[in-house]
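Q: Based on what follows, work out the 3D shape:
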Amino acid sequence: MRLILVAALAITPLLAKDDEPAKRLTESAAVFSEIMATPDKGIPEDLLANAHCIVIVPGLKSAAFLVGGKYGKGYASCRNAVGPGWSAPATVRVEGGSVGFQLGGSTTDLIMLVMNARGVDKLLSSKFTLGGEASVAGGPVGRTTTAQTDAQMKAEILSWSRSQGLFAGVALTGATLREDLDDNATLYGKRLENRQILTTGVRAPKAAAKLLNLLNKYSPRERTATTSRR
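A: Next comes the predicted model:
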């Protein structure tokens, strides 16, 4: 009996770790749903319609940016290469760097839109620096982009954060974004690279259904070609 109890205690942390990527997918879906539920205070619809990819990081540890330590994890999804819809999600990690403002909250939800092919190339690499190897600007908030600045128009990636209920554009400086092969292995059963997940039609896990349904709900069509930011 004691051996069974010891074995169960040893296995429990492993099971919890296996559940983390799926739980984070649910949290990412919740963050995106809550932000898009208030159009006047969310991501402009025309920007989402023209985005090549989206990155959602729920529960980013704000203090991590101040001390340069680990922050948290999230997911990236890109438009399907052929036809409408979004790819299976790939795990990303954001580490170090700083944000343009700090609200003092213990956690911050982060959303990024990749707006052109150059930004996609960076996202598909194993690691890159935001604001260094890829230009990043705080995104505008509201239904449309009429107040968008020249810097926002030229940025490869637009970013927003939500802390203590406030959703606003935020400039990321020096933070690195990298793939997480271990979490990809947990979700997909093998250590897939993000490039493979995002570009080759990999079948999405069941845990991603809610997030992908929301992406298809709010931006169901192929990326708008009139403002492709090539």
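
Q: after the worst-scoring helix or strand of the chain on mean pLDDT comes which helix or strand?
A: Here the helix or strand of the chain ranked lowest by mean pLDDT, DSSP states H and E is helix 62-67, holding a mean of 48. Under the assignment DSSP states H and E, the closest C-terminal helix or strand after helix 62-67 is strand 70-78.

Q: Can you give the contact residues for the helix or strand following that next one?
A: Of the helices and strands lying after strand 70-78 in sequence (DSSP H and E), the nearest is strand 90-95. By CB atoms under 8 Å, 6 or more residues apart in numbering, the surrounding residues in contact with strand 90-95 are 21, 55, 57, 60, 64, 69-77, 110, 130, 175-180, 183-184, 187, 192, 194, 197-198. Where C-beta positions appear, they are placed from N, C-alpha and C, glycine not excepted.

Q: What ranges does this protein have for its strands?
A: Assigned by DSSP state E, the chain shows strands spanning 53-61, 70-78, 90-95, 98-99, 107-114, 127-129, 136-138, 157-163, 166-169, 172-173, 176-179.

Q: Wait, Ser135 touches Met153, no?
A: No - counting by CB atoms under 8 Å, Ser135 stays clear of Met153, with 11.1 Å between them.

Q: Neighbour count for these two, which is higher?
A: Ser135 (18 against 13; other CB atoms under 10 Å).

Q: Buried ones in stretch 109-124, by neighbour count?
A: Across stretch 109-124, burial judged by 16 or more other CB atoms under 10 Å covers 109-116, 118-120, 122-124.

Q: any low-confidence regions in this structure?
A: Across the chain, the ranges flagged by pLDDT under 70 are 1-18, 61-70, 97-106, 146-151, 223-230.

Q: Mind listing what's buried along stretch 80-95?
A: Of all the residues in stretch 80-95, those buried under the rule 16+ other CB under 10 Å are 80, 86-95.

Q: Kindly report the same for stretch 133-144.
A: For stretch 133-144, burial by neighbour count (16+ other CB under 10 Å) applies to 134-141.

Q: Columns distance to Ala30 on top of those, output as TSV?
A: Listed next are these as TSV, based on distance: CB to CB, whole Å:
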residue	distance to Ala30
Ala134	27
Ser135	29
Val136	24
Ala137	26
Gly138	23
Gly139	20
Pro140	23
Val141	19
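
Q: Can you tell me which of these is closest to Asn50?
A: Gly139 (12.0 Å; CB to CB).

Q: Find the nearest non-adjacent residue to that closest one, please.
A: Leu158 (3.6 Å; CB to CB, 6 or more residues apart in numbering).

Q: who's the one you found bridged to?
A: Leu113, Ala137 (DSSP bridges).

Q: Next up, the contacts around it.
A: 47, 112-113, 115, 136-139, 152, 169.

Q: With Ser159 instead?
A: Residues near Ser159 by CB under 8 Å, 6+ apart: 110-113, 130, 136-139, 169-172.

Q: same thing but 7 Å
A: Applying CB atoms under 7 Å, 6 or more residues apart in numbering to Ser159 gives the contacts 110, 112, 136, 138-139, 169-170, 172.

Q: Could you dump these into JSON lines and include distance to Ala208?
A: JSON lines is the format used below for the contacts of Ser159 (distance: CB to CB, whole Å):
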{"residue": "Leu110", "distance to Ala208": "19"}
{"residue": "Met112", "distance to Ala208": "18"}
{"residue": "Val136", "distance to Ala208": "25"}
{"residue": "Gly138", "distance to Ala208": "28"}
{"residue": "Gly139", "distance to Ala208": "24"}
{"residue": "Gly169", "distance to Ala208": "27"}
{"residue": "Val170", "distance to Ala208": "26"}
{"residue": "Leu172", "distance to Ala208": "25"}
